[in-house]
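Peer 1: test case, fold it:
(chains A and B)
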2 protein chains.
Amino acid sequence: MNKPKRDRQFRPLPVPSVELYGIFGDRQDAICESTAETLLDRCVEAGMLRAIDTSQPGPGVVIPIQPWGGTTQMFWDSDLGKSIETVAYSLYRRPNPKLEARVDEIIDMYGKLQDADGYLNAWFQRVQPGRRWTNLRDHHELYCAGHLIEGAVAYYQATGKRKLLEIMCRYADYMIKVFGHGEGQIPGYCGHEEIELALVKLARVTGEKKYLDLAKYFIDERGTEPHFFTEEATRDGRDPANFIQKTYEYNQAHQPVREQKKVVGHAVRAMYLYSGMADIATEYSDDTLTTALETLWDDLTTKQMYITGGIGPAAANEGFTDYYDLPNETAYAETCASVGLVFWASRMLGRGPNRRYADIMEQALYNGAMAGISLDGRTFFYENPLESAGKHHRWIWHHCPCCPPNIARLLSSIGSYMYAVADDEIAVHLYGQSKAHFEIGGSKITLSQETRYPWDGAICFDVVTERPARFAVSLRIPEWANGVAIKVNGEALELSSVALDGYARIEREWKSGDHVDLNIPLAARSLFANPLVRQDAGRTALMRGPLVYCLEATDNGSGLNGIRLNGDVSKATTFEVAELRGAVALDLPARRDEADWGSALYRASPPHARETTARFVPYPFWDNRAPGEMLVWVRAGEERGE
Amino acid sequence: MNKPKRDRQFRPLPVPSVELYGIFGDRQDAICESTAETLLDRCVEAGMLRAIDTSQPGPGVVIPIQPWGGTTQMFWDSDLGKSIETVAYSLYRRPNPKLEARVDEIIDMYGKLQDADGYLNAWFQRVQPGRRWTNLRDHHELYCAGHLIEGAVAYYQATGKRKLLEIMCRYADYMIKVFGHGEGQIPGYCGHEEIELALVKLARVTGEKKYLDLAKYFIDERGTEPHFFTEEATRDGRDPANFIQKTYEYNQAHQPVREQKKVVGHAVRAMYLYSGMADIATEYSDDTLTTALETLWDDLTTKQMYITGGIGPAAANEGFTDYYDLPNETAYAETCASVGLVFWASRMLGRGPNRRYADIMEQALYNGAMAGISLDGRTFFYENPLESAGKHHRWIWHHCPCCPPNIARLLSSIGSYMYAVADDEIAVHLYGQSKAHFEIGGSKITLSQETRYPWDGAICFDVVTERPARFAVSLRIPEWANGVAIKVNGEALELSSVALDGYARIEREWKSGDHVDLNIPLAARSLFANPLVRQDAGRTALMRGPLVYCLEATDNGSGLNGIRLNGDVSKATTFEVAELRGAVALDLPARRDEADWGSALYRASPPHARETTARFVPYPFWDNRAPGEMLVWVRAGEERGE
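Peer 2: Next up, the predicted model:
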């Protein structure tokens, strides 16, 4: 009875179909109030508008960015694309004619910039016009197109305005002519993946399968021999071996994608590729892609992921190193990479609900990703270390400003990650106070969540239907939760009878007034890392619900490594911190090394320790009060289980 | 009676005056057998001889270095200088006509290269002839001269050949004309200190005070206003603010040296400066310099020094960062910096024996410095981390090949660091089987040490004198030692009656046949870092005698962070490792996390631990057997002292 159909196709709810309150609503308000406008302002100040404005002289190779110093990168179309996307989502929530007018102006500029053949890339039209399609490996050319497409889709959905969408359709139509194995075509793909998932969005919004086919083409071609990047470099008079990143693993182009078993290279690129692959797997019911992705998923999540869902420990390649190499203080763990992991995870749910993906989606969303933006929506993290000696702080901007609009567009569209629908089922992947509107079998349905999650685990669902309708509601039962209970219209449900891939699948005829009570106990819990992670040996990390916790100097003073936990973590005292918008903090008994042991640097006896209370706050909320040290992996007390 | 004279001047014994056996003899044999020749070979292969050979075309700006890839630096004179110095010391121990002929050939080339005015610098004569004295801040010009002077002094002492010495005297005489505040003179000093200490050596071997005066001039000028580097850059048409290292702290030129209180900037530069300052303090009995140096000494050794005597944690500036910032796995801790610390420490002993300096000299020598060369003398470390995940290995060569000849010249001249003499006293700073020859009051004396130190703490001194002579023998009593006992001619000495600054000062009329038995118990001991060193929290390091110990994967398998010490370190079982030339290893009971906990990366229960034995070997001996992980700071077991 609870067996799902094979080859189901779940698609996320469109952003406007979900109303948000609670923690996500709060974040979206900050984006509406500050971030959306800030992003446009910073793009302007970075010279990006001048750069695409054909009424002004070309910008030259380097665009000064003021007042933050440094220069912008050649892929500023992508920054504009993601900023437009963020503004678009913000407009769903809160109309803002002034912001909308600013975006319209940018779109007009792009309209004027676009070549007659459909080509559109500010760098290669304004700075290096002779270099179009000469170095797909390094120059982010299709990556820029992808972000403009995502922006176009969102802006169309938000405003109904088709101009940017049509511009990007013309560009995509041109790409269809340019790429392929035919006479005069380029048998290539982009060194920085992104176009693939963007084309899927374009196909879904336009109903045009040709864009799906182009996305599939890019995915199928990647890493095949003879190698496109090598041939391209040779054709362009460059030495293919003189590749600063040394290996095509950097671009996930070292093997055909279906043969890849290890998550390697640049972390954001990897996440975007796998996201596109997952979309194509869903759209084409392509089991070969799904199988490859399942292997890659395990590889990432069991050997290469921080407990925050941060990924890519190294700055050198902005990506992956060795298995179990997860340094805390020097963690790169780019905000964009965790955002990308949320993208990938949500798309792995395209073929059906499975907490294997949704649990990680939640973990990466709440921690590695959400840490990347301040509570007021005005400052950002690029790197997300799990330990700081006190010098790591949020930036106003970054010379490579990819992260601020990335986390902003994710949070402002989070509703579509919470809910996904198939023909006869709605899956609730994430919890949070919200209302989702959707149709199943021709019936309009509203599903509401009333909850204080993630601060409290009680969640009440209310159903409103146009008319009674038979479908399934699938509710994720997080693997970390113990003692989860569900009642349907007040009647307890035997969880095991409805459990499927970590979801409670409740299939029935639903009618207005039906309600479901889900209770997910949120006790604080202590996590330990696999002993192969040398950096976490003898240490523990605290979680409560989906949130990783950390110590901050502002609560505990400096010298956080002097703290050793002591006692039963599940008995932590909880309370709300007003300064952190009601976030739940945890107090735990601990012992602490006394720092005053004189001037010696080394001595024969260990420091004395005294009893203390250690206060933990949610990791994504750190560096929102006074600056100072921060620590996730805390020295563990008495070891159990020996 | 035991009060020393004020303003004593201790000078190290000349290298040929000390015969070495035991551990240092073993290292010197490896240098005679391999390193000395290897250094010359590598210099030749790097194109350095071609570069100074006026019969060949100029080398161009970049000299390819084969077969190790990369390029050499502009300061190759210094590499040749240090290599000549190493060869010279090796010739004391073991005559080698072939090596000597090769050095003579290099000296002939330098003779031909030298300009009529005395100037000698291969880069500015062969590559950029118009740029002499235009950028003292960055271009290592006087640094190169300093190393050639040190080579010249050593080669003269080894062979009696004066040619290079005379070349360098001519150059130094020219410098005396060039530098100063007179009309047309340059009021400057070198951005990379070294010339200062070299001029002291030149003065001591030639008896010419003018070289001391020039060294003192460079030291007195450093960091004064108006700032020479700023004026020089302006004169040279460069923007003084466009200084890649950002601050003159990098060059210890941010303040006059007597006002400096913090050890900052590039670690090797700092050590060379302080060495030169200490020499000048001794030669001029300059208390203002000594006072500044004492402050700097405390700053370094109580806040910025690894337990190995490694210094300079950061690669970015090859130097110092914040107080107590001592990361283990990413430690830069350049071999040259520990060598430089030995230089400085030995010169702090110029005004009298004091274990405050000599203990650290021994610690840095045996650990941070000696680790830099393999037991066979053929491979080298540049960085000296205190933890390795298994990828840090000795190099055949380095694109900046400063370290190999630096550790080689230190070890091959170590006799002069062991003993220093004043008018009426000989200080024994370091122990090791050896014979020292010296004169006091016109009497020729031989002092022998019979010992297996550092493996065993029993040391027997035998005195042979031409005729009975009254003088003091000062023996260092290491601060770390407990239960030290001394007998003179079989009669126990009350240590407290002769103790002065951590030395037992035994003043008497010595005659042939006198002997002293010194016993320094060498129990393994556990050291803890100041809690302000966040990287070492909850961990302990083992030492025995002067040696820091470490775990290696070859003895313990991988996963060294899974090991937690357990039990009384002083009861460690000791035994000799034949593969490590009889080095004493330590076996200790420990508990070890079981690594096989399935595929999960994080879980709710800590790893199970089992009883095991952990085997420690001396840190400087690591990476001489199978490659693999290494760890100095091991998780501590039961904490005491709470």
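Peer 1: thinking residue A:594 is in contact with residue A:610, fair?
Peer 2: Yes: between residue A:594 and residue A:610 there is a contact under Cβ atoms under 8 Å: 6.2 Å. C-betas here are computed from N, CA, C, even on glycine.
Peer 1: neighbour count winner among the two?
Peer 2: residue A:594 (14 against 11; other Cβ atoms under 10 Å in any protein chain shown).
Peer 1: what sits closest to residue A:445 if chain neighbours are left out?
Peer 2: Of all residues not flanking residue A:445 in the chain, residue A:465 sits nearest, at 5.0 Å (Cβ to Cβ, 6 or more residues apart in numbering or on different chains).
Peer 1: kindly apply the preceding question to residue A:25 instead.
Peer 2: Nearest to residue A:25 is residue A:433, by Cβ to Cβ, 6+ apart, at 6.9 Å.
Peer 1: residues contacting that neighbour?
Peer 2: If you count contacts by Cβ atoms under 8 Å, 6 or more residues apart in numbering or on different chains, residue A:433 has them with A:20, A:21, A:22, A:24, A:25, A:449, A:450, A:451, A:452, A:453.
Peer 1: residues from the stretch 451-600 of chain A in reach of chain B?
Peer 2: Selection of the stretch 451-600 of chain A residues close to chain B by Cβ under 8 Å from any Cβ of the partner chain yields A:525-535, A:537-538, A:540-541, A:559-562, A:564, A:591, A:593-595, A:597, A:599-600.
Peer 1: so of the residues you listed, which ones are in helices?
Peer 2: Among these, DSSP state H puts none in helices.
Peer 1: buried subset of those residues?
Peer 2: The neighbour-count test (16 or more other Cβ atoms under 10 Å in any protein chain shown) marks A:525-535, A:537-538, A:540-541, A:559-562, A:564, A:591, A:593, A:597 as buried among those.
Peer 1: what about the spatially most central residue of chain A, which SS state?
Peer 2: Nearest to the mean C-alpha position of chain A, counting by Cα atoms, centre = their mean, stands residue A:339 at 1.6 Å. Here residue A:339 is recorded as helix under DSSP: H, G, I helix; E, B strand; the rest coil.
Peer 1: for it, give me its contacts.
Peer 2: Contacts of residue A:339 (Cβ under 8 Å, 6+ apart): A:271, A:369, A:372, A:403, A:406, A:407, A:410.
Peer 1: in helices, which of the contacts of residue A:433 fall?
Peer 2: Using DSSP H, these in helices are A:22, A:24, A:25.
Peer 1: surely the second one touches residue A:432?
Peer 2: Same thing as residue A:24. Yes: the pair residue A:24 / residue A:432 is scored as a contact, 5.0 Å apart, by Cβ under 8 Å.
Peer 1: can you list residues touching both of these two?
Peer 2: Joint contacts of residue A:24 and residue A:432 (Cβ under 8 Å, 6+ apart) are residue A:414.
Peer 1: what's the closest non-adjacent residue to residue A:635?
Peer 2: Closest to residue A:635 by Cβ to Cβ, 6+ apart is residue A:564, at 4.2 Å.
Peer 1: so what's the one you found bridging to?
Peer 2: residue A:591, residue A:635 (DSSP bridges).
Peer 1: hmm, it is touching residue A:637, no?
Peer 2: Yes: the criterion here is Cβ under 8 Å, and residue A:564 meets it with residue A:637 at 5.5 Å.
Peer 1: shared neighbours of the two, anything?
Peer 2: Contacts common to residue A:564 and residue A:637, judged by Cβ under 8 Å, 6+ apart, are A:590, A:591.
Peer 1: the closest residue to chain B within the stretch 201-350 of chain A: what's it in contact with?
Peer 2: Going by Cβ to the nearest Cβ, chain B is nearest to residue A:302 of the stretch 201-350 of chain A, at 4.9 Å. Applying Cβ under 8 Å, 6+ apart to residue A:302 gives the contacts B:599, B:600, B:601.
Peer 1: in which helix or strand would I find it?
Peer 2: Per DSSP states H and E, residue A:302 falls inside helix A:287-303.
Peer 1: what do you get for residue A:110?
Peer 2: Using DSSP H and E, residue A:110 maps to helix A:97-113.
Peer 1: ok, then the element right after that helix?
Peer 2: helix A:122.
Peer 1: what's the first helix or strand after that next one?
Peer 2: helix A:141-159.
Peer 1: give me the helices and strands touching that following helix, please.
Peer 2: Contacts defined by 3 or more Cβ pairs under 8 Å, 6 or more residues apart in numbering or on different chains; DSSP states H and E place helix A:141-159 against helix A:76-93, helix A:97-113, helix A:163-178, helix A:195-206.
Peer 1: report the distance from stretch A:204-222 to the chain centre.
Peer 2: Its chain's C-alpha centre and that of stretch A:204-222 lie 22 Å apart, by Cα atoms, centre = their mean, to the nearest Å.
Peer 1: hmm, who's touching it?
Peer 2: A:11, A:142, A:153, A:156-157, A:165, A:169, A:172-173, A:175-176, A:179-180, A:187-190, A:195-197, A:199-200, A:202-203, A:228, A:252-253, A:256-257, A:273, A:276-277, A:279-280, A:283-284, A:289.
Peer 1: can I see the domain layout of chain A?
Peer 2: As given by automatic domain parsing, the domain ranges for chain A are A:11-419, A:431-519, A:524-635.
Peer 1: any chance of the ones you listed in a markdown table, plus mean pLDDT?
Peer 2: What follows is the domains of chain A, written out as a markdown table (pLDDT from 0 to 100):
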| stretch | mean pLDDT |
| --- | --- |
| domain A:11-419 | 94 |
| domain A:431-519 | 96 |
| domain A:524-635 | 95 |
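Peer 1: which positions in the stretch 101-250 of chain A make contact with chain B?
Peer 2: Counting by Cβ under 8 Å from any Cβ, no residue of the stretch 101-250 of chain A is near chain B.
Peer 1: residue in the stretch 351-500 of chain A nearest to chain B?
Peer 2: Going by Cβ to the nearest Cβ, chain B is nearest to residue A:389 of the stretch 351-500 of chain A, at 6.7 Å.
Peer 1: skipping adjacent residues, who's closest to that residue in space?
Peer 2: residue A:629 (6.1 Å).
Peer 1: before we move on, what about residue A:405?
Peer 2: Nearest to residue A:405 is residue A:82, by Cβ to Cβ, 6+ apart, at 3.5 Å.
Peer 1: how many neighbours does the one you found have?
Peer 2: Counted with other Cβ under 10 Å, the neighbours of residue A:82 add up to 28.
Peer 1: what sits against it?
Peer 2: Contacts of residue A:82 by Cβ under 8 Å, 6+ apart are A:39, A:147, A:150, A:151, A:402, A:405, A:406, A:408, A:409.
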